[in-house]
Structure formats: structure tokens, C-alpha cells
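1. show me the folded form of this:
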Amino acid sequence: MINWKIRKDGFDYNKIAELGNRFLIGNGYMGVRGTLEEFEKEQLVAVNLAGIYDQVGDSWREPLNAPNGFFGYLEIDGKPYRLPEEEPKSHSVELDYRHGIFKRETVFKTGRGEVTLVCERFVSMEQIHVGAMRFTIRANFHADINLITGIDSDVWDINGPHYKKVSMDEESMLNITATSEEKEYQVSVVADEKTDFPCEKKLYQERMKSLRIVSFITDIDREYCVEKFFAVYTSKDTKDCYKAAKEAVSRALNQGYEAMLSEQKESWEKLWEDAEVLIDGDDRSMEALNYSEYHLMSIAPRHAESMSIAARGLSGQTYKGAVFWDTEMFMLDFFLMTNPAVAKTLMRYRIDTLDGAKKKAKEYGYQGAFYAWESQEGGFDACSDYNVTDVFTKRPMRTFFRDKQVHISAAVVYGICRYVDFTKDDSILIEGGAETIIECGKFYYDLLQQKVGSEKYEIHDVIGPDEYHERVNNNGYTNRMAKFTFQAAVELIKKAKSEPERFLKNMDQAEMEQLEKAFQDAYEKIYIPMPNEQRIIPQFDGYFDLEDTTVEEVRSRLLSPKEYWGGAYGVASHTQIIKQADVVTWLSLFPQDVTENTLLANWKYYEPRTEHGSSLSACMYAMLACRCNMPEKAFPLFLKSASADLQGGGKEWAGLVYIGGTHPAAAGGAYMVALRGFAGLRFENHQVTVKPNLPAHWKGMKFRVCYENEKYEIEISQEQVSVQKIRSLS
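-> Residues are numbered from 1 along each chain as shown. Modelled structure (predicted):
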């Protein structure tokens with residue numbers, strides 16, 4: 001059985017950042033790190049907002065953190081009691097990831113006795129702008145208590161501070177309105193609390209905080225509860241964000257904590273109806289997988305019509321809060337199978353940022369759409385030319401992620417096509433998806449090169465998924481994804497020619513004919529690296545000429561644990577050691593390209609040469625291992641992905657740049673391995689089929705999926721398989 005709760009006993013200052021990720025709560029609009037109520041920016045507190053960015057000077061542009069409406073701490077007999085300054089007698093934090101509820105319990109020992117503080121909090125799934133919490137205070141003596149509660153606008157920023165102006169109105173409610181530097185966005189946070197016992201209250205302001213003291217004297221062993229609610233609105237949400245936040249808090253106060261808590265649980269239960277995966281025989285894997293799904297559901301933009309998910313979700317500003325290829329290639333399957341409406345929202349974001357992609361392509365002298373490697377509002381590419389800092393010289397290192405990771409545009413096409421194939425909803429093509437596919441096709445067509453005397457088209461000077469090797473020619477994954485894009489564009493044009501009133505209405509027949517011919521030619525002639533005599537596909541031209549060594553040997557050459565392995569002089573750049581699945585990602589997506597023996601040969605060759613320096617890597621090796629009938633090889637890689645945020649301890653530095661946070665792509669990858677790998681889930685000819693390939697200790701699985709506007713329940717045991725259509729989604 002699933003416990004649905006994770007817990008950490010004791011207080012360890014060195015674990016603050018890690019636990020902030022692990023105990024995250026969120027609702028798609030905002031994510032609140034699992035830090036304690038009394039913590040401030042030094043402890044990486046963040047209320048991270050989705051889809052709103054700001055830049056200060058020449059620093060990296062990043063998402064805004066809202067002022068923290070969960071702020072609060074105790075004074076007992078006139079003395080502050082707050083971690084980490086005061087050592088607790090006992091302390092624990094807990095996350096109910098079934099319902100998105102964070103709880104802490106701390107016992108402080110004073111000169112007169114013990115005081116227990118319990119704080120329970122969540123951000124509402126139904127009322128996405130609202131956070132709710134309940135302080136419960138109990139003492140074994142007549143304690144003189146001051147509960148200091150309020151809003152802290154001195155927020156954690158990696159490249160800030162982002163608020164050039166902070167204002168607080170003198171009203172009965174706690175309130176802060178902050179104005180951002182770059183675009184002068186307004187972010188309003190309003191909070192208020194209510195009590196059901198006699199107390200004194202005093203409102204005051206202190207060091208960028210709007211605070212209230214709730215004062216009372218305790219009876220022995222009596223519990224005192226204070227309910228608190230806050231709301232966040234920005235000027236992107238509404239014209240008068242301050243008024244909207246006040247009204248939301250008033251509604252929450254009238255509703256009360258218990259009613260809102262019940263609403264929260266009901267909302268989450270509805271999500272779990274379609275998302276929960278049961279595994280018979282392995283509670284550890286079942287808990288890790290469902291915990292991974294919790295994180296995906298916590299950051300899903302259900303409130304928006306067009307929005308994507310950042311590489312670190314809503315856990316902070318790392319990776320600039322930008323959208324990478326992670327969404328389409330690793331997260332999309334989860335939403336397609338559990339909540340297709342969210343999948344459509346994710347792909348609409350790419351359609352709505354097409355102009356940004358076309359602008360970027362033009363900057364490089366190309367036609368078509370070159371999507372941002374690190375995409376923010378409007379398709380703005382937040383990726384800098386100097387993305388890594390040298391640990392020895394402290395100077396920024398020139399990297400080419402922005403310029404050369406051209407496979408991102410194919411990921412967008414793959415996502416749109418997968419959405420249409422899965423849902424049979426081609427309205428997304430009419431809404432701009434068709435134009436997106438064509439523009440991406442034009443971009444790859446412009447990249448093609450042809451050597452004198454050769455009939456093949458090549459793509460040079462790129463970076464594949466393996467970022468340790470920059471500016472290579474004919475990366476197998478990149479070329480294969482370009483081929484997929486050409487194929488998708490040809491099929492789309494044929495569809496448009498038969499239904500001109502629906503698709504590509506702004507394109508005349510002659511242009512369609514010309515593009516169809518060009519894309520068909522490119523599809524047929526693009527160079528795809530072939531297996532050698534040992535059935536191994538070279539990752540790129542000249543890959544086999546590099547030093548063939550081991551991951552351990554390359555690691556031993558590091559002079560600093562924070563040293564970057566790639567780039568011009570990284571320890572891996574002149575070896576066959578790679579950062580993450582590259583050829584294996586290609587073969588996981590298109591296993592039909594080669595024989596079963598070739599799939600196996602490439603898995604065996606590349607896996608020992610992979611550092612797995614990205615959380616995106618393990619799941620692709622696990623997927624291919626399942627395809628090669630090696631579930632026991634797949635299992636530890638699956639668990640690595642599913643436990644990326646549960647266990648912690650992952651890579652948190654790239655050079656001197658902090659890259660910590662949650663790993664939604666790994667979570668999505670774990671889901672893919674469980675369903676498409678171990679369960680052998682297939683979607684072919686409008687049918688849902690399964691061909692299980694379970695780890696030996698798994699007795700069975702049970703889950704639900706959405707496909708072609710129908711919902712299916714699938715149950716697998718060692719003896720039999722059941723696929724039942726349970727209802728239509730219309």
C-alpha cells in the first residue's frame with residue numbers, strides 16, 4: 001500500500017535546499033518551496049510564479065518570486081523561537097503528496113517548559129491564487145505567546161533583486177504590492193488571519209515585511225489555532241491585482257480553513273482518479289512513481305490556455321524558469337494519458353511563441369522557426385552565450401547551447417504530432433500547429449548541406465542531447481528528428497491539399513506543391529548514421545576516433561567537483577564519455593529504425609560510456625532496456641528517475657552556477673518507463689494494447705489512460721492482461 005506521506009525527522013541546516021525541493025507544494029499557478037515559515041531568502045524560500053519573468057541589468061532573466069505570504073514565527077516569553085537560530089527539542093516536516101499538504105511540527109524547550117508549534121499549509125487547487133495555513137500552538141505551562149505572522153517581500157533571487165518598489169497600505173489586512181524592474185509588473189500579496197480565542201492583534205511594518213502580532217497567554221496543554229490565508233495576483237492576471245487579492249482573501253476567510261482543506265482533498269482525489277498507478281509487489285517503486293506524478297500535477301498549468309512547464313518546474317529560478325525540450329520529450333506523455341487538456345495547453349504555448357522562433361531563425365540567417373533553447377515569454381531565448389562559469393578562472397565560458405541545439409524545433413513538431421495522434425483533435429493544427437510544423441520544416445531544410453559528389457544531405461555544427469560534445473557534424477539524433485519533421489510536414493501538406501478550407505489557408509496550391517516536393521526530397525536523402533560492423537551507430541562524425549575510456553577515469557581527471565565536463569576543454573569533450581542518452585534517445589523514440597540486435601548492441605555500448613549527468617538520461621536507457629527484453633537492467637534506471645526528487649543528492653552545480661530544484665522531466669520519464677516500458681503499453685491502429693515486460697519482483701500493475709477521447713483501465717498480472725474501455729471523455 002502507498003503511504004502517501006514523506007517525512008523527515010530532525011533538523012539539519014545542510015539539508016535546507018534539498019528539502020525545499022522535496023517538500024514542494026504547488027497548483028500550477030505558483031509553487032512554494034518546502035521551507036519553514038520562519039525562513040527567509042538565505043534559506044532559499046520561494047513562492048515561484050508561472051510564466052512571469054523579469055530582468056535586472058545585464059543579469060539573466062528569470063521568473064518572479066512573489067512576496068512570501070506564509071511567513072511567521074513564535075516569540076515565547078518575549079524571546080524569538082525560530083529555526084535555525086534556536087535549537088529545537090524535536091522537529092519534523094511532512095508532505096501529504098496525495099493532497100498537496102505540507103506540515104511541520106517543532107517542539108521548543110524554554111526556561112519554563114515546552115511549546116509545540118504545528119503548521120499545516122497548502123496552495124489551493126480550486127482557488128489557484130490562494131494559500132491557506134493553520135498554526136496550532138500548545139504549551140505545557142502558561143506561556144506568553146506572540147505569533148508574528150505576515151508577508152515577507154525580501155525574497156530569494158538568483159539574479160535580482162527584481163522589485164524596485166515595494167508598497168504597503170495601512171489597512172486591516174496585511175498587504176504588499178511590489179513592482180518589478182524590467183516591465184514594471186505589479187505583484188500584490190494580501191494576507192489575513194482569524195482566531196477563535198481571546199487575543200490582542202497589532203499590525204506593523206518591518207524591513208520589507210508587513211506583519212501582525214497575535215498575542216495571548218496559553219492555558220496548560222490547550223491547543224490554540226490561528227487560520228491564515230493569503231492571495232497572490234499580478235498585473236498579468238488582472239488590472240487591479242491588489243483589489244483581486246483582497247477579495248480572494250475575504251472569500252477564503254468566510255470559507256474557513258477546514259472547508260478549504262476539504263475542497264483541496266476533493267480536487268486532488270479527482271486528479272488521482274486518472275493518474276494513480278498501482279504496482280503489486282513493490283511498494284517502494286509505487287510510492288516513488290506516484291510521488292513523481294505528484295510533482296507533475298503540482299506544476300501543470302491547468303489555469304491557462306497557453307503555457308508550458310519550466311525545466312525545474314515551480315521550484316525556483318534555476319535554469320531561468322525557462323522551458324526546454326523536456327516538456328515535449330519527457331513530460332508530455334503523462335499529460336496526454338491523464339489530462340489531455342493540459343497537454344493541449346503545453347503545445348499551444350509553442351504555437352503562440354512561433355513568432356519568437358521565426359525571429360530567432362532570422363537572426364541566424366535561416367528561414368523558418370528555430371525555437372528557443374531556453375524559452376520564456378513570447379519565445380524569448382533566455383540562453384546566454386556564456387552559460388557556464390569556469391571554476392578556476394571564475395570567468396564565464398563560451399558555450400553554444402543557444403546556437404547549436406537545433407533539435408529543439410523538432411521536439412516541438414514531435415509534441416504537436418503526438419498530441420494529434422493521441423487525441424485525434426486536429427483543432428490544434430487549425431489554431432497554428434500546421435504553420436508551426438511547416439516553419440520548422442523550412443528551418444531544417446535551410447540547415448541541409450550537400451557534399452560535392454554525394455546525394456545525401458547533412459547537418460553540420462550542432463549539439464545533440466549529449467552536451468559534452470559541442471559543434472559536431474551529423475549528430476544521429478538531430479538528423480533523425482529532422483527527418484521526422486520533414487515527414488510530418490509532407491503528411492500535413494497532403495492533408496491540407498485535401499482539406500484546403502481547414503489547414504494552411506494562407507498558402508496557395510503552388511507553394512504547397514513546392515514545399516511538399518522539397519520536404520519529400522529532404523526526407524528521402526537526409527543522412528542518417530548507420531550501424532558499423534559491431535552494430536554500433538556513431539553518435540556523430542568522428543565519434544569513434546575519440547579516446548575510448550571509462551566514466552571513472554574521466555571523473556578522476558577533475559580538479560574540482562564543480563568542474564564542467566564539456567565545452568572547449570572539459571574533461572569529457574575529447575573522449576567517448578557522454579553526458580546523457582543521445583543515440584539511445586533516438587532508438588527509444590524510433591526502435592523500428594533498426595533490428596532488435598542493433599538496439600541491444602547500442603544499449604550495451606553507450607550505457608557504460610554515459611555519465612548520466614542529466615536527470616533526462618536514465619529513463620531513455622530504461623525504455624530501450626525494456627524494448628530489448630531486459631527489465632532487470634531497466635529497473636534501477638527507472639528507480640533513479642522516479643526517485644530524482646525523493647532521494648535528493650543530484651547534481652546541483654554546473655561550474656559555479658546553481659542548478660538545483662525539482663526534476664519534472666525525470667518524473668515524466670519514470671512514468672513513460674512504467675507504462676510504455678514495463679507495462680508494454682502501445683497505441684496502434686486506434687487500439688490500446690499491452691505487452692508486459694515487468695521486473696521479476698513485480699506481480700502486476702493497474703492504471704488508467706486516455707486515448708482518442710476514451711478512458712481505459714488496464715490491469716496486468718503475471719497470468720493475464722485486461723484492457724477495459726470505461727468511458728468517453730466527451
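2. count of residues packed around Ser306?
-> 17 (other C-beta atoms under 10 Å). All C-beta spots, glycine's among them, are computed from the backbone N, C-alpha and C.
3. using the three-state scheme, assign it.
-> coil (DSSP: H, G, I helix; E, B strand; the rest coil).
4. which residues touch it?
-> By C-beta atoms under 8 Å, 6 or more residues apart in numbering, the contact set of Ser306 is Thr345, Arg348, Tyr349, Ile351, Asp352.
5. Glu715: which of these is nearest?
-> Using C-beta to C-beta, Thr345 comes nearest to Glu715 of those, at 30.0 Å.
6. elements contacting the helix or strand hosting that closest one?
-> Using DSSP states H and E, the element containing Thr345 is helix 340-352. Under the contact definition 3 or more C-beta pairs under 8 Å, 6 or more residues apart in numbering; DSSP states H and E, helix 340-352 sits against helix 332-338, helix 407-423, helix 427-428.
7. show residues contacting it.
-> Contacts of helix 340-352 (C-beta under 8 Å, 6+ apart): 300-302, 304-309, 323, 327-328, 331-332, 335-336, 371, 412, 415-416, 419, 422-423, 425, 428, 431-433, 436, 706, 729.
8. any idea how far that helix is from the middle of the chain?
-> 15 Å (C-alpha atoms, centre = their mean, to the nearest Å).
9. which is the succeeding secondary structure element to it?
-> Trace forward from helix 340-352 with DSSP H and E and the next one is helix 354-363.
10. what's the angle between that next one and helix 407-423?
-> With axes from the mean of the first three to the mean of the last three C-alpha atoms, to 10 degrees as the basis, helix 354-363 and helix 407-423 are set at 150 degrees to each other.
11. output the longest helix belonging to this protein.
-> helix 476-498 (DSSP state H).
12. please convert the helices and strands packed on helix 340-352 to JSON lines, extending it with mean neighbour count and mean pLDDT.
-> JSON lines is the format used below for these (neighbours: other C-beta atoms under 10 Å; pLDDT from 0 to 100):
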{"stretch": "helix 332-338", "mean neighbour count": "25", "mean pLDDT": "98"}
{"stretch": "helix 407-423", "mean neighbour count": "23", "mean pLDDT": "98"}
{"stretch": "helix 427-428", "mean neighbour count": "16", "mean pLDDT": "96"}
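13. pretty sure Gly464 sits against Asn479.
-> No: judged on C-beta atoms under 8 Å, Gly464 makes no contact with Asn479 at a distance of 9.4 Å.
14. in stretch 666-677, what counts as buried?
-> Ala666, Ala667, Gly668, Gly669, Ala670, Tyr671, Met672, Val673, Ala674, Leu675, Arg676, Gly677 (16 or more other C-beta atoms under 10 Å).
15. do stretch 505-519 as well
-> Met507, Met512, Leu515, Glu516, Ala518, Phe519.
16. surely the fourth one is in a strand?
-> What it means is Glu516. No: according to three-state DSSP, Glu516 belongs to no strand; its state is helix.
17. ok, the residue lying closest to Glu547 once chain neighbours are set aside - contacts?
-> Nearest residue to Glu547, sequence neighbours excluded (C-beta to C-beta, 6 or more residues apart in numbering): Thr575, at 4.4 Å. Contact analysis of Thr575 by C-beta under 8 Å, 6+ apart lists Leu546, Glu547, Asp548, Thr549, Val554.
18. repeat that for Glu86.
-> So Glu86 contacts Pro80, Phe108 (C-beta under 8 Å, 6+ apart).
19. so it, which state does it fall into?
-> coil.
20. same check on the one 5 residues further on?
-> Put simply, His91 is strand when judged by three-state DSSP.
21. same check on the one 4 residues further on?
-> In terms of secondary structure, Leu95 is strand; the call rests on three-state DSSP.
22. identify the bridge partners of it.
-> Ile6, Phe102 (DSSP bridges).
23. likewise Gly131?
-> Applying DSSP bridges, one finds that Gly131 bridges with Val123, Phe230.
24. you'd agree it is up against Phe229?
-> Yes: between Gly131 and Phe229 there is a contact under C-beta under 8 Å: 7.0 Å.
25. what about Asp196, neighbour count?
-> 9.
26. got the CA coordinates for the one helix or strand Asn254 maps to in CSV?
-> According to DSSP H and E, Asn254 maps onto helix 241-255. Provided in CSV are the C-alpha atoms of helix 241-255 (Å, rounded to 0.1, in the frame of the first residue of the first chain):
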residue,chain,number,x,y,z
CYS,A,241,-4.3,42.9,-8.7
TYR,A,242,-4.4,44.5,-5.2
LYS,A,243,-8.2,44.5,-5.2
ALA,A,244,-8.4,41.0,-6.6
ALA,A,245,-6.1,39.7,-3.9
LYS,A,246,-8.1,41.4,-1.1
GLU,A,247,-11.3,39.9,-2.4
ALA,A,248,-9.8,36.4,-2.6
VAL,A,249,-8.6,36.6,1.0
SER,A,250,-12.0,37.8,2.1
ARG,A,251,-13.7,34.8,0.4
ALA,A,252,-11.2,32.4,2.0
LEU,A,253,-11.8,33.9,5.5
ASN,A,254,-15.5,33.3,5.0
GLN,A,255,-15.0,29.8,3.8
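27. got the buried residues for the next helix or strand after it?
-> Next helix or strand after helix 241-255 toward the C-terminus (DSSP H and E): helix 257-275. Residues Tyr257, Met260, Leu261, Glu263, Gln264, Lys265, Ser267, Trp268, Leu271, Trp272, Asp274, Ala275 are the ones in helix 257-275 that count as buried (16+ other C-beta under 10 Å).
28. among those, which two are most distant?
-> Of all pairs in these, the most separated under C-beta to C-beta is Tyr257 and Asp274 at 27.8 Å.
29. contact partners for Glu38?
-> Contacts of Glu38 (C-beta under 8 Å, 6+ apart): Phe71, Gly72, Tyr73, Arg82, Leu83.
30. restricted to strands, list those.
-> Phe71, Gly72, Tyr73 (DSSP state E).
31. any idea how far the closest residue to the second one other than its chain neighbours is from Thr353?
-> Okay, so that is Gly72. Spatial nearest neighbour of Gly72, chain neighbours left out: Thr149 (3.9 Å); criterion: C-beta to C-beta, 6+ apart. Note on Thr149: its distance to Thr353, by C-beta to C-beta, to the nearest Å, is 40 Å.
32. fine by me, thanks again.
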